[in-house]
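>>> okay, here's the prediction I keep looking at, along with the sequence it came from:
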Amino acid sequence: MGSFFTPLSWNDSGFILTGVMNTITISLVAIIAGTLLGLVVGFIRSEANKAANTALGAVLDILRSVPLIIQLILFTTYIGAMGHPLDPFVAGSIVLSLYTMAFMAEVFRGGFDSVHGSMITAARSLGMTYWQAVRYVQFPISLRAIFPSWLGVALSVIKDSALVSVIGYMELLRTSEQLISRTQQPLEILIGVGVFYFIISYPLSLYGKYVERKMAV
Amino acid sequence: MNYEFHWNTVFQHMPEMLMGAFVTLHVSVLSMLIGIVLAVLLAIVKMNNIKPFSYLATTWVEIARNTPALFQIYMAYFGLGALGIHLSPYIAVLSALVFVNTGYLVETFRGGFQSIPATQYHASKSLGMNSFQVYRYVILPQMFRRIYHPMTNQFVWSILMSSLGILVGMNELSGETQRLQSLSFRTLEYFIVAACLYYLITKLVLFSAGLASKKLFKGEI
């Protein structure tokens, strides 16, 4: 019976490392792309008129109200049915980035709105152009409100990146799943996976709390 | 675009999809209720620093907050299976959701308690209220008001995360969708309908929560 399965060995470390690297890669891609897109969308939302805001808000709302796993399956099925199948990494990055953008946009909008309108007026009255006021006054001040929430969203993206395994991307959880089906040692492998996520996530969340406390005053 | 949509099969199986949606709501509501009870206990233990249990509470909170929900579901389903504890998909997803909900709610409750200044407690005492009355009429109503929104968010989050049941073969909305689409291979149609149902469920929950908060708090929040 036991001969069917080969236990976990050091030879698997390369395989696990690939999974680790892939998890880190796709998380970084989604965080960077999601932040940039969210910055633009959040800025538009804080500046735009009501009609544009409602339309944009509805799209973001859909991205936030439909489970990520359904979005991933829908997107891959859709591009497959349309005859343009994409690599799991590309498809996963697109969906995860858009999902991240939906949350980041609200974070940035909240940050921009937290800057008092009178500050912008003051900056403009000192002869700054619109973009100078945004670049040198609104943006630096809003960072204080943005950073802790930004870190929170980034952390949840690292955790949500585990879901990309369902469309076939070999990130950490999927590599461990394959190792489990070979070795039949789910407990040891899963605990290892949990420890990995914890080691990445815990220090960052501690840092987030520290920054929040420091900036609160 | 050379894809032809066939919606018939989806409409035929609509009752089963709706049953799935019901199971989704069911498991999320249950996970919230159990989560709230456990979180209140852990928050009390943590705030009063009752020694061995407060370590448990801290460990629980940090693990729940810092690992993916998918990992927790795998742990409940495959990990415990290795220890000889075989949970049904429903129980596995429920326990994973309870675990995460508790982890997040402990911090919410703790924040809620700490946001009420101790002076209010002393003031109520000096007016002749006993401890129970202080909590019942002064502290808890204010606290509930402050944690209402975070709790609603947590509930919506549970609904969305219960969709991970698809991976352990649970019969909630996405698992049911997965099963039904495998009968006809109209994957796109089925998952579009599932996405719409999830959207409707979350909107419905948020809408009712908004109505309830108007009724409960009479506009002052």
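Noted; the coordinates are in hand. Residues are numbered from 1 along each chain as shown, chains lettered A, B, ... in the order given.

>>> longest helix in chain A, by residue count?
Longest helix in chain A by number of residues (criterion: DSSP state H): helix A:13-47.

>>> can you list the residues of chain A near chain B?
Applying Cβ under 8 Å from any Cβ of the partner chain, we find that chain A lies next to chain B at A:62, A:65-71, A:73-74, A:77-78, A:81-83, A:155, A:159-163, A:165-166, A:173, A:177, A:180, A:185-187, A:190-191, A:193-194, A:197-198, A:201-202, A:205. Placement of C-beta: from N, CA and C, glycine included.

>>> go with 7 Å
Contact residues (Cβ under 7 Å from any Cβ of the partner chain) of chain A with chain B: A:62, A:65-67, A:69-70, A:73-74, A:77-78, A:81-83, A:159-160, A:162-163, A:166, A:173, A:180, A:186-187, A:190, A:193-194, A:197-198, A:201-202, A:205.

>>> and those, which of them are in helices?
Reading helices off the residues of chain A next to chain B with DSSP H, I get A:62, A:65, A:69-70, A:73-74, A:77-78, A:81, A:159-160, A:173, A:180, A:186-187, A:190, A:193-194, A:197-198, A:201-202, A:205.

>>> separation between A:Leu8 and chain B?
As judged by Cβ to the nearest Cβ, to the nearest Å, A:Leu8 and chain B stand 13 Å apart.

>>> just give the number of residues close to the closest residue to that residue other than its chain neighbours.
Among residues not flanking A:Leu8 along the chain, A:Thr183 sits closest, at 5.0 Å (Cβ to Cβ, 6 or more residues apart in numbering or on different chains). The number of residues packed around A:Thr183, counting by other Cβ atoms under 10 Å in any protein chain shown, is 16.

>>> where in the chain is pLDDT low?
Answering for chain A, as no chain was given. Scanning chain A for pLDDT under 70 picks out the ranges A:1-4, A:217.

>>> oops, I was thinking of chain B
Using pLDDT under 70, chain B drops low at B:1, B:219-221.

>>> any idea which helix is longest in it?
helix B:14-48.

>>> centre of the chain to whichever strand or helix holds B:Leu200, how far?
Under the criterion of DSSP states H and E, B:Leu200 resides in helix B:187-217. In terms of Cα atoms, centre = their mean, to the nearest Å, the centre of helix B:187-217 is set 14 Å apart from its chain centre.

>>> A:Ile167 contacts A:Ala91, correct?
Yes. Counting by Cβ atoms under 7 Å, A:Ile167 touches A:Ala91, with 6.1 Å between them.

>>> overlap of the contact sets of these two?
Residues touching both A:Ile167 and A:Ala91 (Cβ atoms under 7 Å, 6 or more residues apart in numbering or on different chains): A:Thr76.

>>> next one: the residue nearest the centre of chain A from B:Val37, what distance?
The residue lying closest to the centre of chain A (Cα atoms, centre = their mean) is A:Val157, at 3.3 Å. Distance, A:Val157 to B:Val37, by Cβ to Cβ, to the nearest Å: 31 Å.
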